[in-house]
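K.L.:
when you get a sec, could you give me coordinates for this:
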Amino acid sequence: MKRLFILFIAVIAAAGCCRFDLDEVLLPREDISLTHKGKLIMSYDPLTCQMSHDHDSNMYRIYDDTISDWFTVRCSQAPHSTGQEITADVSWTTPDDTKSENGLKFTVEKTSPDGTIWMWNKSKSIGIVIKNL
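P.N.:
Now for the predicted structure:
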């Protein structure tokens, strides 16, 4: 009985563990980027990519020069302060497909004086680093 109880507690603890911790996946990133379930989807390279930000629609676009790799983020409101919760639609390319997630709840986890914003969606393990231009 004691072994069964210990096994039960171990299973519950393992199930409650977040495999993709924002402190490991998102916050250390210094680049404009999108991560999904711990995997880097795209990172902005100023030599081969473009970035845009439409203030009126709170839309952020990052794409490479061939427009084969990109991601977009449309926020319900302008993200600007740590702890702020917003809703966003996110789309991105994969090697063989395009993915979209609509109406996701993000928390602004960190901001910097240069306009960089780190946002995290816990339910889908999506981390986004964008920049207000």
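K.L.:
contacts and neighbour counts: CA atoms only from here.
P.N.:
Fine.
K.L.:
what about the strands in the chain?
P.N.:
For the chain, applying DSSP state E gives strands covering 33-36, 39-43, 49-54, 59-64, 70-75, 85-93, 98-111, 116-121, 126-131.
K.L.:
what about the third one, distance to the chain center?
P.N.:
Centroid separation for strand 49-54 versus its chain: 17 Å, with Cα atoms, centre = their mean, to the nearest Å.
K.L.:
that strand pairs with which strands?
P.N.:
strand 59-64 (antiparallel) (DSSP bridges).
K.L.:
for the partner strand, C-alpha coordinates in PDB please.
P.N.:
Extracted in PDB, the C-alpha atoms of strand 59-64 (Å, rounded to 0.1, in the frame of the first residue of the first chain):
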ATOM      1  CA  MET A  59       0.100  43.600 -35.600                       C
ATOM      2  CA  TYR A  60       3.700  42.400 -35.600                       C
ATOM      3  CA  ARG A  61       5.200  40.700 -38.700                       C
ATOM      4  CA  ILE A  62       8.600  39.000 -38.900                       C
ATOM      5  CA  TYR A  63       9.600  37.300 -42.200                       C
ATOM      6  CA  ASP A  64      12.700  36.300 -44.100                       C
END
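K.L.:
quick one: low-confidence ranges for this protein?
P.N.:
1-29 (pLDDT under 70).
K.L.:
of the strands of the chain, which stretch is the most buried?
P.N.:
Mean neighbour count (mean count of other Cα atoms under 10 Å) peaks for strand 126-131 among these, with a mean of 25.
K.L.:
quick one: list the elements packing against that one.
P.N.:
Contact here means 3 or more Cα pairs under 8 Å, 6 or more residues apart in numbering; DSSP states H and E; on that basis strand 126-131 packs against strand 33-36, strand 116-121.
K.L.:
tell me the strands beside it, with direction?
P.N.:
strand 33-36 (antiparallel), strand 116-121 (antiparallel).
K.L.:
just to revisit the earlier point, nearest to residue 91, of the helices and strands packed on strand 126-131?
P.N.:
strand 33-36 (10.0 Å; Cα to Cα).
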